[in-house]
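> sharing a model prediction with you, sequence too.
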Amino acid sequence: MAGMLYYPDVNPPEEILYQAILYWDSLATITTPDHRALLSPALREIEDAGHYTPVDLNSADFGRPLWRSLVDDLMPLVGRSGPGAALPAAPPYGSPEWTMDTDITWESWNRYPREVVEELLDLGVVTPVEGTRTLLIGPRMRRLLISLAAETMAAEMTRVLGRRYFAHTADYDAFHAGHVPEREGDEVRLAWQVDLGAVLPIPAPGTPIGAVLAFRAGHEEERRRLVRAVQALQRDLRSQGNGPREVIEHSRDELVGAMADLERAGTASRIDWIRRSAYVFIAMAASGAAIEATALAVPLLVGSGLAINLATNKLSRPSITENGFSYLHLARHHFPTRNRPLRRPS
């Protein structure tokens, strides 16, 4: 099972914590060496159970590779950001949208290696505020930087820790800036866009983290069976030996059976289940291009009124090439498609 690297915050929302405990091997977020004081009580409990990895961007393991990757990609990054990269003559100094300060999220400049900040200064896309430790940066440029850094870090963690990690967020703006091409001529890659929320139930809001951790420990086989079924679905969609309907049809029995086993075990443990949107974007194999024009945004039934919403979309090629998968949480009614692309939820 793979690990989840959540960005941009140190402490993910509650439903992300539930997802990580049930369907991922471990959870990681970006923090500082003295991270313990920054964690929420829930995340501390997850760390105490051995399922949380704090990551310091400036550590010996990650800082140098992150710097090299970001420097290599900074010029294309600035080019992609278009007018959003430029600072206006009089930036709104008091607006948090335009600042990078010294906090501990991805949006803090001192979370990045010094060489990266110097490159940004040399390129003129950030500027210091005299007499302070604050830098000014355009909102779109900041989100592009965050998204690129997250994908880079997931790849580096995979290399260093010997376990696959994938970048994961519920921050729509950061995901959109880093993954959705907006300029004519941007290099794109076709991707399946799949809402897996129907087959990945999570506990109802307010369920104690301790109860979810106890369920994980006591029902390892049930959750691993469901994860294996979902991973097989994702692999089959990516390889695209058959059309999406055939892939779902082939996977349906195992998905439904695994989901039913997990939910029965949870009910016996007095866990109330709900469903929330959980998107995965899966880079298509070359053979998938032939069906791009005919793959519509359609619900594919998996039983008892539950459906996997599936569509095609076009993502920025650099954002999805490395791992082949990218993850985003959004409200279900904002399902985007190739013809109705990602937009900010209203």
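Yep, that arrived.

> from here on, just use CA atoms for contacts and neighbour counts.
Will do.

> residues near residue 62, how many?
18 (other CA atoms under 10 Å).

> please renumber so the chain begins at 6
Yes, from this point I'll number from 6; that puts the last item at residue 67.

> dihedrals phi and psi, it?
With angles defined as degrees, to the nearest 10, residue 67 sits at phi -110, psi -30.

> give the closest residue to residue 24 in space, chain neighbours not counted.
Using CA to CA, 6 or more residues apart in numbering and skipping residues adjacent in sequence, the residue nearest residue 24 is residue 207, 6.6 Å away.

> roughly how far apart are that neighbour and residue 9?
Counting by CA to CA, to the nearest Å, the separation of residue 207 from residue 9 is 16 Å.

> give me the below-cutoff pLDDT ranges for the stretch 56-205 of the chain.
For the stretch 56-205 of the chain, applying pLDDT under 70 flags the ranges 78-112, 115-116, 186-191.

> how does it look with 50?
109 (pLDDT under 50).

> just checking, what packs against the strand ranked longest in the chain?
For the chain, the strand that runs over the most residues, judged by DSSP state E, is strand 311-321. Using 3 or more CA pairs under 8 Å, 6 or more residues apart in numbering; DSSP states H and E, the elements in contact with strand 311-321 are helix 177-184, strand 193-200, strand 303-308.

> just those: most buried one?
strand 193-200 (a mean of 24; mean count of other CA atoms under 10 Å).

> quick one: strands adjacent to it?
strand 284-288 (antiparallel), strand 311-321 (antiparallel) (DSSP bridges).

> ok so residue 217 is a helix residue?
Yes: under DSSP: H, G, I helix; E, B strand; the rest coil, residue 217 falls within a helix.

> which residues touch it?
Taking CA atoms under 8 Å, 6 or more residues apart in numbering, we find residue 217 in contact with 23, 26, 27, 208.

> report the separation between it and residue 203.
Per CA to CA, residue 217 is found 19 Å from residue 203.

> before we move on, the earlier item: just the mean pLDDT for the longest strand of the chain, thanks.
Averaged across strand 311-321, pLDDT comes to 78.

> convert that strand to CSV, retaining C-alpha atoms only.
Extracted C-alpha coordinates of strand 311-321, given in CSV (Å, rounded to 0.1, in the frame of the first residue of the first chain):
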residue,chain,number,x,y,z
LEU,A,311,-23.6,3.4,-6.1
ALA,A,312,-21.7,4.6,-9.1
ILE,A,313,-18.1,5.5,-10.0
ASN,A,314,-18.2,8.8,-12.0
LEU,A,315,-15.7,8.6,-14.8
ALA,A,316,-14.7,11.1,-17.4
THR,A,317,-11.7,12.1,-19.6
ASN,A,318,-9.7,15.3,-19.0
LYS,A,319,-6.5,17.0,-20.1
LEU,A,320,-3.9,17.8,-17.5
SER,A,321,-0.6,19.5,-17.7
